[in-house]
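> no sequence on this one, just coordinates:
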Ligand SMILES: [Mn+2]
């Protein structure tokens, strides 16, 4: 944290020098990434009077579109227009969008700022503000605002709270700490509310999502030896239930609550010939699911990870196989 405080000073200095800033949410952005982008945009435009562009190359989820104004988000960009890029909540976005290559090819002198809480290597040549102890990138941004004595307005407070709320699973995950609850308490004093985000996250299940869950639950198997709970969903299942891919996520979390389970694994066909895997565990179970994900070139956190493999799911005589 002390190291980060030093970096906060450098960050403020860089931002004061910047004129046009590109704020980048990660691919398939979650609420923490978008909350970070919107909170920072609020600060940069209103407080520092900078020009900003909010970027998400992917369409935002139905949940996110109820929390953030879609109108403000661009899905394309022209890198030479900017003197600063901020990568918020996942360093790999910078590489996935090939910004490093473009900067090299066009010889662009752009300041890159990376703010993240994922355990990933820093971006080369960037100002990296990474704190893997933070539950959310929004938590790091809150610390920055506090450090520079920025009076967080209610709207920005709400953006930050949304990010912390969703990344802690509504304060149910083990990354919920006294510190992030104190932050949330302060954000509420500044005008943010839990009511809307709570309702949207937990009381907003569609019938199609629950139908999909019922299929996944009926196929779930608990392997006593390893403590793994596994289930499967095909594209056909999603179609039959009229469910979306985001309805499929969240099932791993439910399966992980089964008594006797050590971790859960849900495999679902996200695209033709691509199977997505979601892994979940809990602190007291002593399993690091990111280790499993890494074996399949995936990644994530100790308690929530994922990976992708090629193939299709087939049921043969009651047994599920990957072809
Ligand atoms: Mn996050």
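Nice, I can see it. All figures in this text were calculated on a predicted structure; none of them were measured in a lab.

> which outside residues touch the helix or strand bottoming out on mean pLDDT in the chain?
Of all the helices and strands that make up the chain, helix 245-248 has the lowest average by mean pLDDT, DSSP states H and E, namely a mean of 78. With contacts defined as CB atoms under 8 Å, 6 or more residues apart in numbering, helix 245-248 is touched by 61-63, 206, 208-209, 212-213, 216, 233, 238, 241, 266, 268, 270, 276. Every residue, glycine included, has its C-beta placed from N, CA and C.

> How about stretch 21-28?
Stretch 21-28 has contacts (CB under 8 Å, 6+ apart) with 15, 33-34, 36-37, 40-41, 44, 50-58, 61, 73, 77, 79, 81-90, 92-94, 96-97.

> Got a ChimeraX select line for the buried ones in these?
Selecting in ChimeraX just the buried members of the contacts of stretch 21-28, where the criterion is 16 or more other CB atoms under 10 Å, is done with this command:
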select :15,33,34,36,37,40,41,44,50,52,53,54,55,56,57,61,73,77,82,83,84,85,86,87,88,89,90,92,93,94,97
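
> Output the contacting helices and strands for the host helix or strand of residue 279.
When elements are defined using DSSP states H and E, residue 279 is found to belong to strand 274-281. When contacts are defined as 3 or more CB pairs under 8 Å, 6 or more residues apart in numbering; DSSP states H and E, strand 274-281 packs onto helix 251-255, strand 263-271, helix 289-295, strand 304-310.

> before we move on, back to that, quick check: buried residues in the least confident helix or strand of the chain?
Judged by neighbour count using 16+ other CB under 10 Å, the buried positions of helix 245-248 are 245, 247, 248.

> what's the closest of the contacts of helix 245-248 to residue 190?
Taking CB to CB as the measure, residue 190 sits nearest to residue 63 out of the contacts of helix 245-248, at 23.1 Å.

> Mind telling me what element the residue nearest to the closest one when sequence neighbours are not counted is part of?
Nearest residue to residue 63 in three dimensions, chain neighbours excluded: residue 200, at 5.8 Å (CB to CB, 6 or more residues apart in numbering). Here residue 200, judged by DSSP H and E, is contained in helix 195-202.

> helices or strands up against that helix?
Contact partners of helix 195-202 among helices and strands, from 3+ CB pairs under 8 Å, 6+ apart: helix 154-167.

> Show me which residues of the helix it packs on are buried.
156, 157, 158, 159, 160, 161, 162, 163, 164, 165, 166, 167.

> Contacts for it next, please.
Identification of contacts with helix 154-167 by CB under 8 Å, 6+ apart yields 30-36, 38-39, 42-43, 67-68, 135-139, 141-142, 145, 152, 171, 173, 175, 180, 183-184, 187-188, 190-194, 197-198, 201.

> ok, residue 8 to residue 127 distance?
As defined by CB to CB, to the nearest Å, residue 8 lies at a distance of 10 Å from residue 127.

> Cool, thanks, talk later.
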